[in-house]
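# Sequence unavailable; structure follows:
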């Protein structure tokens with residue numbers, strides 16, 4: 001079983017930056033697409049960004065131009081660089097692994113989340 005551990009959350013003022021990390025507890029033979037989701041209080045979890053297994057990135061319209069994805073495969077870590085943060089970016093940010101490279105791989109993993117709070 002693999003665990004995903006997020007870190008890097010915190011409290012910042014609007015306009016500030018944070019860099020979130022999601023690290024897998026161990027290496028596997030399976031490869032996954034890695035996504036970030038977030039959930040604000042009282043709202044449903046929403047998609048933020050994704051890196052597909054071929055390296056293609058995608059972003060929610062609300063974060064395009066402000067958030068950037070990267071990965072360090074040697075460190076089993078995926079990153080979310082968040083710049084020009086807005087109060088609307090506040091929420092619990094989750095890391096997700098899916099679209100596994102083989103049918104015998106576990107289909108989905110979720111991390112426990114890291115809190116991001118952006119004040120005016």
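Nice, thanks for sending it over. On a predicted model such as this, the values are computed, not experimentally measured, just so you know.

# ok, residue 119 touching residue 15?
No: distance between residue 119 and residue 15: 10.5 Å, which falls outside the contact criterion (C-beta atoms under 8 Å). Just so you know, the C-beta spots here come from the backbone N, C-alpha and C atoms, and that holds for glycine as well.

# how about residue 23, what does it touch?
The neighbours of residue 23, taking C-beta atoms under 8 Å, 6 or more residues apart in numbering as the test, are 4, 5, 7, 75, 76, 77.

# For the nearest residue to it once chain neighbours are set aside, give the beta-bridge partners.
Spatially, and ignoring its direct neighbours in sequence, residue 23 is nearest to residue 77 (4.6 Å; C-beta to C-beta, 6 or more residues apart in numbering). Beta bridges link residue 77 to residue 23, residue 72, judged by DSSP bridges.

# Who wins on neighbours among the contacts of residue 23?
Among these, residue 4 has the most neighbours (other C-beta atoms under 10 Å), with 21 neighbours.
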